[in-house]
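Colleague: the following comprises the amino acid sequence and a computationally predicted model.
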Amino acid sequence: MFANEMKATTTKAELYDEVARQLGGLLAGERDWIANTANAAALIFGALPDLNWAGVYLLRGSELVLGPFQGRPACIRIALGRGVCGTAAADRRAVRVDDVHAFPGHIACDAASRSELVVPLIDGERLIGVLDLDSPNEARFDADDEAGVVRLAALLVGASDFT
């Protein structure tokens, strides 16, 4: 039922449909944000190709704090407005970067990362944090990925009690 049993897909839209279906199954009946973000990170990391990191940062005061993730150890705290994650959180919008080394103020948690997609986790008007995906490939993420990850983020927020 989960990532190790991914159905064969032919398009990116079908891939995100399948990941969304599996994420819905993982989240069904569970409201705990730690369990849900941990499973979401694991599913996304295993299901989407060419990732070297997938996880969440949660808003705590005026900074983002590392939450559940898959990949190499990561930066623990990121100020709002700093780097790709802090920018996505401060602006409350998805940020897709083809070459992180060219992004002003990029925070290099893993030198192997070349591109990044960060989607804010928002419940109503409340910023909860961000869902962050990194890839060792330049320009790994496109508009279809952004739309798919925005959908996954909405599923995660809707199924979780972030208290």
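Modeller: Sure thing, it's come through. Computed from a predicted model, the values in this text were never measured in an experiment. Numbers count the residues shown, from 1 in each chain.
Colleague: show me what the most centrally placed residue in the chain bridges to in the sheet.
Modeller: Centroid-nearest residue in the chain, with CA atoms, centre = their mean: L131, separated by 2.8 Å. Following DSSP bridges, L131 is listed with bridge partners V56, V119.
Colleague: need the contact list for it.
Modeller: 40, 44, 54-56, 118-119, 121, 149, 152-153, 156 (CB atoms under 8 Å, 6 or more residues apart in numbering). C-beta here means a position set from N, CA and C on the backbone, and glycine is covered the same way.
Colleague: next one: D110
Modeller: Contacts of D110 by CB under 8 Å, 6+ apart are 52-53, 71-72, 74, 134.
Colleague: any idea which helix or strand carries it?
Modeller: Using DSSP states H and E, D110 is not contained in any helix or strand.
Colleague: tell me where the protein has helices.
Modeller: Assigned helices in the chain, in chain order: 12-27, 33-47, 83-91, 143-159 (criterion: DSSP state H).
Colleague: quick check: closest non-adjacent residue to F103.
Modeller: Closest residue to F103 in three dimensions, ignoring its sequence neighbours and counting by CB to CB, 6 or more residues apart in numbering: V97, at 4.9 Å.
Colleague: wait, that neighbour touches S113, no?
Modeller: No - judged on CB atoms under 8 Å, V97 makes no contact with S113 at a distance of 9.8 Å.
Colleague: so the residue nearest to F103 bridges to which residues?
Modeller: For V97, the beta-bridge partners are E116 (DSSP bridges).
Colleague: any idea how far L58 is from A102?
Modeller: Separation of A102 from L58 (CB to CB, to the nearest Å): 27 Å.
Colleague: same deal with D98?
Modeller: 26 Å.
Colleague: these two: which is more packed in?
Modeller: Ranked by neighbour count (other CB atoms under 10 Å), D98 and L58 place L58 first, with 20 against 15.
Colleague: in contact with that one, which residues?
Modeller: By CB under 8 Å, 6+ apart, the residues touching L58 are 64-65, 67, 128-129, 162.
Colleague: if we use 6 Å, what do you get?
Modeller: Counting by CB atoms under 6 Å, 6 or more residues apart in numbering, L58 touches 65, 67, 129.
Colleague: picking up where we left off before, filter the contacts of D110 down to just the buried residues.
Modeller: Neighbour counting with 16 or more other CB atoms under 10 Å marks 52-53, 71, 74, 134 as buried within the contacts of D110.
Colleague: and stretch 120-136, which residues are buried?
Modeller: Here stretch 120-136 shows 120-122, 127-135 as buried, counting by 16+ other CB under 10 Å.
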